[in-house]
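Chemist: Here is the input, now give the coordinates:
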Amino acid sequence: MNFFDTHTHSEFSPDGKTTLAALVERAMQLGLAGITFTDHLDLLAPRGSSSHFNFSLAAREQKIAALRGRAAEQKSPLKLLSGIEIGLQPISIKESQEFIEEADLDQVIASVHFIDGEDPYLGSYYKGKDFKQAYGRTLEIIYNTAVAFKDFDVIGHFDYVARYAHYAVRDIFYKDFPEQFDALLTYLTQNGKALEINTKTYSLHGDHLQVLDIQVLKRFRELGGEFITLGSDAHHADRLCENFELYADIVKSCGFGGLTHFEKRRPIVTPF
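Modeler: Below is the predicted model:
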């Protein structure tokens with residue numbers, strides 16, 4: 001199928017290692033149907049200042065518009081969509097909401113990067129907790145911030161917290177957190193939101209290859225969930241659309257009819 005990569009980062013993200021132009025060039029090489037540029041916005045971030053995790057939407061849109069023109073000149077059908085990855089914390093709901101209200105976007109990903117003021121990437125979050133406490137607390141924060149924020153389309157990398165953990169259990173399974181998952185998945189279902197499969201999560205981190213628990217997807221479908229997005233979370237152009245064929249097959253096997261991307265904040269499902 002013709003894939004949309006719905007989660008990418010460019011020079012407008014502080015950790016981006018590529019450019020909008022390089023992502024577009026790579027997408028055309030791969031024959032993608034589209035890319036959604038979802039650069040970081042983490043307001044009131046504990047690591048660095050908010051300005052570090054912020055950027056000018058107007059400046060990015062100017063570059064995207066030029067790239068759309070270039071793609072049209074080459075008669076490429078590639079769609080270039082404007083999105084954002086909001087890093088949610090309980091303390092930044094109001095500020096994030098105000099930002100989104102002023103923005104003209106195709107898609108908003110709601111992700112949790114900082115938990116109780118701690119950054120899992122740095123390792124301090126895990127101290128004094130076992131895996132159930134650390135992962136369970138994260139799922140609770142994802143649910144609570146999603147309900148409080150509301151103005152998003154996709155929940156991003158729900159199992160991000162396990163990516164940098166050092167426990168014996170370094171994957172998040174539905175069987176260990178059924179109540180937390182059911183609360184989150186029910187909310188997504190009832191409000192027409194999408195769940196993201198973030199293929200960066202399921203790549204090698206240190207000595208562990210994290211896995212996606214398909215029971216989460218099956219439960220989402222069982223509850224009536226319809227929308228699944230695939231995102232590479234690419235910070236390098238060569239990671240665009242990584243392992244999409246594999247995860248598209250998994251999504252199909254769990255009973256979903258297609259993959260979703262968003263245009264002007266509306267879900268568009270491409271059937272399998």
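Chemist: Show me which helix runs longest in the protein.
Modeler: Determined from DSSP state H, the single longest helix within the chain is helix 131-149.
Chemist: Next, the residues that contact that one from outside, please.
Modeler: The contact list for helix 131-149 (C-beta atoms under 8 Å, 6 or more residues apart in numbering) reads 86, 88-90, 93, 96-97, 110, 112, 115-116, 125-126, 129, 152, 155, 158-162, 165, 167-170, 172, 176-177, 180-181, 183-184, 187-188, 193. Just so you know, the C-beta spots here come from the backbone N, C-alpha and C atoms, and that holds for glycine as well.
Chemist: Now, the residues you listed that are in helices?
Modeler: Those of those lying in helices (DSSP H): 93, 96-97, 180-181, 183-184, 187-188.
Chemist: From the contact counts, what lies against the helix or strand where residue 72 lies?
Modeler: In the assignment (DSSP states H and E), residue 72 maps to helix 57-73. Secondary-structure packing of helix 57-73 (3 or more C-beta pairs under 8 Å, 6 or more residues apart in numbering; DSSP states H and E): helix 20-30, strand 34-41, strand 79-87.
Chemist: The closest residue to residue 173 other than its chain neighbours: neighbouring residues, count only.
Modeler: Of all residues not flanking residue 173 in the chain, residue 213 sits nearest, at 4.7 Å (C-beta to C-beta, 6 or more residues apart in numbering). Residues lying near residue 213 (other C-beta atoms under 10 Å) number 16.
Chemist: now residue 17: how far from residue 240?
Modeler: As judged by C-beta to C-beta, to the nearest Å, residue 17 and residue 240 stand 12 Å apart.
Chemist: ok, now residue 267?
Modeler: On the measure of C-beta to C-beta, residue 267 and residue 240 end up 22 Å apart.
Chemist: Which one of these two is surrounded by more residues?
Modeler: Shown here are residue 267 and residue 240; by other C-beta under 10 Å, residue 240 has more neighbours (23 against 17).
Chemist: Report the contact partners of the more buried one.
Modeler: The contact partners of residue 240, taken as C-beta under 8 Å, 6+ apart, are 5, 8, 23, 26-27, 30, 32, 35, 232, 234.
Chemist: between those residues, which has the most around it?
Modeler: If you count neighbours using other C-beta under 10 Å, the busiest of these is residue 35, which has 32 neighbours.
Chemist: Model confidence for it, exactly?
Modeler: Here the pLDDT value assigned to residue 35 is 98.
Chemist: Below-threshold pLDDT in the protein: ranges please.
Modeler: For the chain, the stretches with pLDDT under 70 are 47-52.
Chemist: Let me know the distance separating the residue of it most remote from its centre from residue 66.
Modeler: Within the chain, the residue lying farthest from the chain centre (C-alpha atoms, centre = their mean) is residue 73, at 30.5 Å. Distance of residue 73 to residue 66, computed by C-beta to C-beta: 11 Å.
Chemist: what's the answer for residue 139, then?
Modeler: Distance of residue 139 to residue 66, computed by C-beta to C-beta: 41 Å.
Chemist: just to revisit the earlier point, can you name the two of the contacts of residue 240 that sit furthest apart?
Modeler: Using C-beta to C-beta, these span at most 12.4 Å, a distance reached by 8 and 30.
Chemist: quick one on the thing from earlier: and among the helices and strands packed on helix 57-73, the most buried is which?
Modeler: Across those, averaging neighbours per residue (mean count of other C-beta atoms under 10 Å) puts strand 34-41 on top, at a mean of 26.
Chemist: Identify the spatial nearest neighbour of residue 21, chain neighbours not counted.
Modeler: Nearest residue to residue 21, sequence neighbours excluded (C-beta to C-beta, 6+ apart): residue 67, at 6.4 Å.
Chemist: Spit out the contact partners of that neighbour.
Modeler: The contact partners of residue 67, by C-beta under 8 Å, 6+ apart, come to 20-21, 24, 80.
Chemist: quick one on the thing from earlier: give the buried subset of the ones in helices among the contacts of helix 131-149 as a PyMOL selection command.
Modeler: In PyMOL syntax, the buried subset of the ones in helices among the contacts of helix 131-149 is picked out as below (16 or more other C-beta atoms under 10 Å):
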select buried, resi 93+96+180+181+183+184+187+188
